[in-house]
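> Could you look at this predicted model? Sequence included:
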Amino acid sequence: MTAVRAARLGPTPVQLVLCLPPRAMLGYQLRHADRSQPLLFNTMPRARIAIAGRLAHTHRRFQVRLAPRPAAVRTARDLVAQACHTWQLPQLGHDASLIMSELAANAVEHARTDAVATVLADGPRLHLAVRDGDTRYPRLNPLAAAGRATPLDERGRGLQLVHALAAAWGAMPARSGKVVWATVSTDSPS
């Protein structure tokens, strides 16, 4: 219930979605709670289908395929600029461009696979995502936060930037890879 409350009352409210076995006690308790409840699904594929169906009707989306080349970072940044211009969200453009640049750069540098960059608009929020073919998740590096020089495979300074600018960010598994995402809002801390 703490997670449900935090998702609903946080600076950027989100819909909480959980995947639980049908007979799980937690699922029973959540379905019978007096307050608002998260969406509950038996499997991740069912959750993804339901969420995708909701997004198709309520969100605006721009998407571009990225090759594993440095020029992909510029392409992803241009996608954000186009989205912000089209949706008249110039106040989010700078932070969203910086964040998308970092997400795309990480896919190019670390995943080294084709990727897909996506920008979704949801009211005063932009949801940014890069899906790549590497299953390794990004990690914040405490040495990078302290400003100490670190080898290429231990850097993580860009994720510090994402962490500072985004209202929320994270990573989740995807078929044959992962999605790294961030949300930028007019209420974001920057």
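Happy to help now that I have it.
> how near is His110 to Ala33?
Distance, His110 to Ala33, by Cβ to Cβ, to the nearest Å: 41 Å. (C-beta placed from N, C-alpha, C; glycine too.)
> now the helices for the chain?
Remark: helices assigned in the chain by DSSP state H are 2-9, 25-31, 44-58, 71-86, 90-106, 142-145, 157-165.
> Return the mean pLDDT over the third one, rounded to an integer.
When you say that, I think you mean helix 44-58. The average pLDDT within helix 44-58 is 62.
> Could you do the fourth one as well?
For helix 71-86, the mean per-residue pLDDT is 92.
> about what we covered before: so can I have JSON lines of the helices of the chain showing mean neighbour count and distance to Gly177?
Listed next are the helices of the chain as JSON lines, based on neighbours: other Cβ atoms under 10 Å; distance: least, Cβ to Cβ, whole Å:
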{"stretch": "helix 2-9", "mean neighbour count": "12", "distance to Gly177": "25"}
{"stretch": "helix 25-31", "mean neighbour count": "13", "distance to Gly177": "28"}
{"stretch": "helix 44-58", "mean neighbour count": "12", "distance to Gly177": "14"}
{"stretch": "helix 71-86", "mean neighbour count": "18", "distance to Gly177": "15"}
{"stretch": "helix 90-106", "mean neighbour count": "21", "distance to Gly177": "12"}
{"stretch": "helix 142-145", "mean neighbour count": "14", "distance to Gly177": "24"}
{"stretch": "helix 157-165", "mean neighbour count": "18", "distance to Gly177": "18"}
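> Make a markdown table from the ones you listed and add distance to Thr135 to it.
Below are these laid out as a markdown table (distance: least, Cβ to Cβ, whole Å):
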| stretch | distance to Thr135 |
| --- | --- |
| helix 2-9 | 25 |
| helix 25-31 | 27 |
| helix 44-58 | 15 |
| helix 71-86 | 20 |
| helix 90-106 | 14 |
| helix 142-145 | 22 |
| helix 157-165 | 17 |
